[in-house]
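Please work out how this folds:
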Amino acid sequence: MTVILLFAVYLTVLIGTIRIFNHTEFPVPSSQFAEELEEYLRQNLGFHDVLFQLKSRSDLMIGEKMIQGVYITDERLIEKQFSYQESNADPVNDFYQKYAIPTYLILVPSASEIYESTLPANALNTNQEKLIKAVYADTETGIRCVDAYHILSSLKDSYIYYRTDSHWTSYGAYYVYQSAIQKMGFTPVSYQNYVISHLSTDFRGDLYQKTLYDTVKSDVLDCYTYEKGSKITDVQMIFQNGTIRRRSDIYDKSALESEDMYRFYTGEPCQKMIIRTDLDNDKKLLLYKDDYADCMIPFLVQHYSEICVINLKQTGCEFQSVTDPSEYTQAMFLCSVRNWQDIFQ
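Here you go, the predicted structure:
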């Protein structure tokens, strides 16, 4: 065992040395060698996690501020953002022109925008505020846009984004819901009416899984319950391969025992999800979304007899073909800025 550990340390130093020299002008092997070596160790050595943590810490010691595309800051892990040159409002405009039902658009900035001041000085970071404004400015008259950016910016000192995961928290989603649902003609459920359950106080999300950097404090995963509100009566999940599953709730408790606890909110990703409640108000919402919307859905179900959820990450530009929009009274597009650009660039 000692020999194996010494070998691991040797390889860690070797990878770190290659990374150091790749910042110099010496003619040494490219960083591709380090990446290939790392992948080999991942696939063939059982102690990969320990080795990876050693290598990551050595990178930090030589001045690196990023691991696997994730910036390391004192308070949180922040996903690296890529540069986008153009905004695109065409998907929502085309939808509105074709169906003419009340339509709402929410683009959610990532933590890298809200906490930009904590990033390394040379960090690549798209100006998401400018990008959101450009998309909103190009939307058709009649489409209502919700300013999630300024809502979240005003709450930046609160727990609105996870520290170890790329998503916003339920707390952040609630305050955007509060603004959006008023635009949609409803009275939001008061925050004080929710019972908040801490499902886990040791949640380490997708950014931790990429970095295995455990110095940043773990997260709290919450569930908001309005005990006097509407109840879900049926959930139908339709997958891309045509498989259909039925559940009595949107939550997937088994996710709490996995590395991907965030899936608790809606379970395994599917192309289409139909949620029915005991409300008898004939209000039906068509929700086009990415996974940022998952923790907002529990708030939205308090206002609709049915919500049809379409996963934009699975449908792409073909989202209109998955269901008949004319069957719904309102439509909402809710997506992170990054996914919106990636899906519709």
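
Let me know the pLDDT of the residue nearest to residue 193 when sequence neighbours are not counted.
Nearest residue to residue 193, sequence neighbours excluded (CB to CB, 6 or more residues apart in numbering): residue 226, at 5.6 Å. To be clear about C-beta, it is placed using only N, CA and C from the backbone, and glycine gets the same treatment. Residue 226 is assigned a pLDDT of 97 by the prediction.

now do residue 335
97.

Quick check: nearest residue in space to it, chain neighbours excluded?
Nearest to residue 335 is residue 290, by CB to CB, 6+ apart, at 4.7 Å.

Would you check that the one you found makes contact with residue 312?
Yes: Residue 290 is in contact with residue 312 according to CB atoms under 8 Å; the separation is 5.5 Å.

which residues do these two both contact?
335, 339, 343 (CB atoms under 8 Å, 6 or more residues apart in numbering).

okay, now the last one: neighbour count?
For residue 343, the number of neighbouring residues by other CB atoms under 10 Å comes to 18.

Checking it next. Helix, strand or coil?
helix (DSSP: H, G, I helix; E, B strand; the rest coil).

Starting from residue 100, give me the distance back to it.
From residue 343 over to residue 100 the distance is 23 Å, taken as CB to CB, to the nearest Å.

for the second one, same thing?
Computed with CB to CB, the distance linking residue 339 and residue 100 is 26 Å.

Counting neighbours, go ahead and name the busier of the two.
Shown here are residue 339 and residue 100; by other CB under 10 Å, residue 339 has more neighbours (18 against 12).

and the more buried one, which of the three is it?
Classified using three-state DSSP, residue 339 is helix.

Give me the neighbour count for the closest residue to it other than its chain neighbours.
With CB to CB, 6+ apart as the measure, residue 290 is the residue that lies nearest to residue 339, at 4.2 Å, once sequence neighbours are left out. Neighbour count of residue 290, defined by other CB under 10 Å: 22.

quick one: contacts for the residue nearest the centre of the chain?
Nearest residue to the geometric centre of the chain (CA atoms, centre = their mean): residue 167, 3.7 Å. Listed by CB under 8 Å, 6+ apart, the contact set of residue 167 reads 161, 205, 262, 291, 292, 295.

which among these gets closest to residue 322?
residue 291 (16.8 Å; CB to CB).

For that closest one, give me its contacts.
Each residue near residue 291 by CB under 8 Å, 6+ apart is listed here: 167, 262, 269, 313.

In the stretch 51-200 of the chain, where is pLDDT below threshold?
Along the stretch 51-200 of the chain, the parts satisfying pLDDT under 70 run over 51-64.

in it, which spans are strands?
66-67, 70-72, 77-79, 103-108, 144-146, 195-203 (DSSP state E, counting those that start in this stretch).

Quick check: which of the ones you listed is buried the most?
Each of the strands of the stretch 51-200 of the chain was scored by mean neighbour count; the highest is strand 103-108, a mean of 25, by mean count of other CB atoms under 10 Å.

Does anything pack onto that strand? Which helices or strands?
helix 90-99, helix 128-137, strand 144-146, helix 148-154, helix 170-183, strand 330-336, helix 337-344 (3 or more CB pairs under 8 Å, 6 or more residues apart in numbering; DSSP states H and E).

That one pairs with which strands, and in what direction?
strand 144-146 (parallel), strand 330-336 (parallel) (DSSP bridges).

Out of those, flag the one nearest residue 80.
Per CB to CB, nearest to residue 80 of the strands paired with strand 103-108: strand 330-336, 14.2 Å.

ok now the closest one, how far from the chain's centre?
Relative to its chain's centre, strand 330-336 lies at 14 Å (CA atoms, centre = their mean, to the nearest Å).

For the remainder of this discussion, apply numbering that starts at 890.
I'll keep to 890 as the first residue from here, and by that count the last item is strand 1219-1225.

Name the residues of that strand that come out as buried.
Under the neighbour-count criterion of 16 or more other CB atoms under 10 Å, strand 1219-1225 has 1219, 1220, 1221, 1222, 1223, 1224, 1225 buried.

Next up, the contacts around residue 1016.
So residue 1016 contacts residue 1002 (CB under 8 Å, 6+ apart).

mind redoing it with 10 Å?
Residue 1016 makes contact with 970, 972, 973, 1002, 1005, 1022, 1023 under the criterion CB atoms under 10 Å, 6 or more residues apart in numbering.

can you check residue 1154 too?
Here residue 1154 is in contact with 1056, 1059, 1062, 1110, 1112, 1139-1141, 1144, 1180, 1182-1187 (CB under 10 Å, 6+ apart).

wait, which of those residues is closest to residue 1041?
residue 1062 (9.8 Å).

Can you report phi and psi for the residue lying closest to the closest one once chain neighbours are set aside?
Spatially, and ignoring its direct neighbours in sequence, residue 1062 is nearest to residue 1185 (4.2 Å; CB to CB, 6+ apart). Backbone torsions of residue 1185, given as degrees, to the nearest 10, read phi -90, psi -20.

okay but residue 1185 is in contact with residue 1060, surely?
No: counting by CB atoms under 10 Å, residue 1185 stays clear of residue 1060, with 11.2 Å between them.
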